[in-house]
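Engineer: Next one to model:
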Amino acid sequence: MIREGLIDQDDFDDFMKSVETVSTRIQHDAWKCKQGDMSTDDFVASYGHLRPGTYDITSPRYSSDVELYLRPIIDAAEAPAAVSGYWNDAIRTRIGERLSEEKLGVDCAEFEAFLRDAIEG
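Structural biologist: The predicted structure is shown next:
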């Protein structure tokens, strides 16, 4: 979409910041934990099953050493950045028109939902 002039890099970056992933959730919750709005026990219960940098079942889980794996995430947490709004009406119109030209059979809202679901998944 950038190459085709439908969006610019800032629009792309804002959209990507609006996508909720495990990484964004852990950062938001780490901030809540750091601020005292979430207990460390709840944080560990939510993320302790994860393994640092891998899905390898033989790697230790975060919960195996909270001070080594999770405490640094909490300590380094920063307030989540505000998302400025990723696609305004003009962008949605351009994308919708291109989708129509390409005869893809979806509108901009459906396309956006597909992108979000695919990236989050």
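Engineer: mind listing what the residue of the chain most remote from its centre touches?
Structural biologist: Distance from the centre of the chain peaks at residue 101, with 30.0 Å (C-alpha atoms, centre = their mean). For residue 101, the contact set (C-beta atoms under 8 Å, 6 or more residues apart in numbering) is empty. C-betas here are computed from N, CA, C, even on glycine.
Engineer: Do you know the pLDDT at it?
Structural biologist: pLDDT for residue 101: 96.
Engineer: Ok, residue 22 next?
Structural biologist: The model's pLDDT for residue 22 equals 85.
Engineer: and the gap between it and residue 64?
Structural biologist: 18 Å (C-beta to C-beta, to the nearest Å).
Engineer: For this structure, just list every one of the strands.
Structural biologist: Here the chain has no strands by DSSP state E.
Engineer: Low-confidence bits of it, can you list those?
Structural biologist: Counting by pLDDT under 70, the chain has low-confidence residues at 83-85.
Engineer: Now for the nearest residue to residue 57 once chain neighbours are set aside: which residues touch it?
Structural biologist: Setting aside the residues directly before and after it, residue 57 is nearest to residue 51 in space (C-beta to C-beta, 6 or more residues apart in numbering), at 7.8 Å. Applying C-beta under 8 Å, 6+ apart to residue 51 gives the contacts 57, 59-62.
Engineer: Quick one, which of those residues are buried?
Structural biologist: Neighbour counting with 16 or more other C-beta atoms under 10 Å marks residue 62 as buried within those.
Engineer: just curious, which of the contacts of residue 51 is nearest to residue 15?
Structural biologist: residue 62 (28.8 Å; C-beta to C-beta).
Engineer: Nice, that's everything, thank you.
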